[in-house]
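Engineer: one predicted model, sequence on top.
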Amino acid sequence: MQDLRYIRTEKSIRDAFFKLLSQKNLSQITVTELSKEAFLGRGTFYLHYTDIYELFSAITKEHISNIFKIYSDAMPTYIKENSAKLTYNIIDYVKENMTEFQIIANNTSTQYFFSQIMESQISAYTNEPLPAKADINFDEQYDLVEASFIVAGFINVLFEWAKGNIKLTDSDLADKLNRVLSHFI
């Protein structure tokens, strides 16, 4: 278990990072200015990360891992109730982390995050054990097209919501997404 100082330092680095990312592109953020914003020495930053990109990668991996866990907990998603649970839980997760998602969604230099989440969820979707996959006529390419279509649409809706372009409550958004998803279950 990590000590309290380590946890506070991580929070300070993360908060400073998102403050700077809300003002400029990822490539424009320096370790020096992040350290200054976080009230840390550069050496302290380097004890945690090698550079700004490693920090962003760690944040990306954390969110992807958390979303993947939500997806895994909802399996099998071809059951309507599980699919609805998945939708509500992912929306709750985005809502809990809304500030970070808003900053990422509104910053054009962070499209890597968007693509990593999509790749992760498409992989989870296509690797989910489904009864239909045992059928000799199962079409893997159709499954991949369907997964790409559903995941891209779902993630894009979440990002548009985080940007403030979709003005719905979390429960209204979940209801509408579940209505759309019901066509695929």
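Structural biologist: Now that the structure is in, tell me what you want to look at. Residues are numbered from 1 along each chain as shown.

Engineer: tell me which helix or strand in the chain has the weakest average pLDDT.
Structural biologist: helix 111-127 (a mean of 86; mean pLDDT, DSSP states H and E).

Engineer: mind exporting that helix as CSV, just the C-alpha atoms?
Structural biologist: Provided in CSV are the C-alpha atoms of helix 111-127 (Å, rounded to 0.1, in the frame of the first residue of the first chain):
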residue,chain,number,x,y,z
GLN,A,111,-7.7,12.1,-29.2
TYR,A,112,-5.4,9.2,-28.2
PHE,A,113,-7.5,8.7,-25.1
PHE,A,114,-10.7,8.4,-27.3
SER,A,115,-9.1,5.9,-29.6
GLN,A,116,-7.7,3.8,-26.7
ILE,A,117,-11.1,3.6,-25.0
MET,A,118,-12.7,2.6,-28.3
GLU,A,119,-10.1,-0.1,-29.0
SER,A,120,-10.4,-1.5,-25.5
GLN,A,121,-14.2,-1.7,-25.7
ILE,A,122,-14.3,-3.1,-29.2
SER,A,123,-11.9,-5.8,-28.0
ALA,A,124,-14.1,-6.5,-25.0
TYR,A,125,-17.2,-6.7,-27.1
THR,A,126,-15.8,-9.0,-29.8
ASN,A,127,-14.1,-11.3,-27.3
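
Engineer: right, and the helix or strand after it?
Structural biologist: Reading on from helix 111-127 to the C-terminus, the next helix or strand found by DSSP states H and E is helix 140-163.

Engineer: just the element for the closest residue to Arg42 other than its chain neighbours, please.
Structural biologist: Nearest non-adjacent residue to Arg42, counting by C-beta to C-beta, 6 or more residues apart in numbering: Ser35, 4.7 Å away. C-beta here means a position set from N, CA and C on the backbone, and glycine is covered the same way. Here Ser35 sits within helix 31-37, counting by DSSP H and E.

Engineer: pLDDT of that helix, averaged?
Structural biologist: For helix 31-37, the mean pLDDT works out to 97.

Engineer: ok, stretch 72-87 next?
Structural biologist: 90.

Engineer: and the helix holding Ser35, C-alpha only, in CSV?
Structural biologist: Taking C-alpha atoms only, helix 31-37 is exported to CSV below (Å, rounded to 0.1, in the frame of the first residue of the first chain):
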residue,chain,number,x,y,z
VAL,A,31,7.5,19.2,-16.5
THR,A,32,8.8,22.5,-15.2
GLU,A,33,5.4,24.2,-15.4
LEU,A,34,3.5,21.2,-14.1
SER,A,35,5.9,20.9,-11.1
LYS,A,36,5.5,24.6,-10.4
GLU,A,37,1.7,24.4,-10.6
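
Engineer: so the residue nearest to Arg42 makes contact with Leu47?
Structural biologist: No. Between Ser35 and Leu47 there is no contact under C-beta atoms under 8 Å: 11.3 Å.

Engineer: picking up where we left off before, any residues touching the helix holding Ser35, and which ones?
Structural biologist: With contacts defined as C-beta atoms under 8 Å, 6 or more residues apart in numbering, helix 31-37 is touched by 13, 16-17, 19-20, 41-42, 44-46, 51-52.
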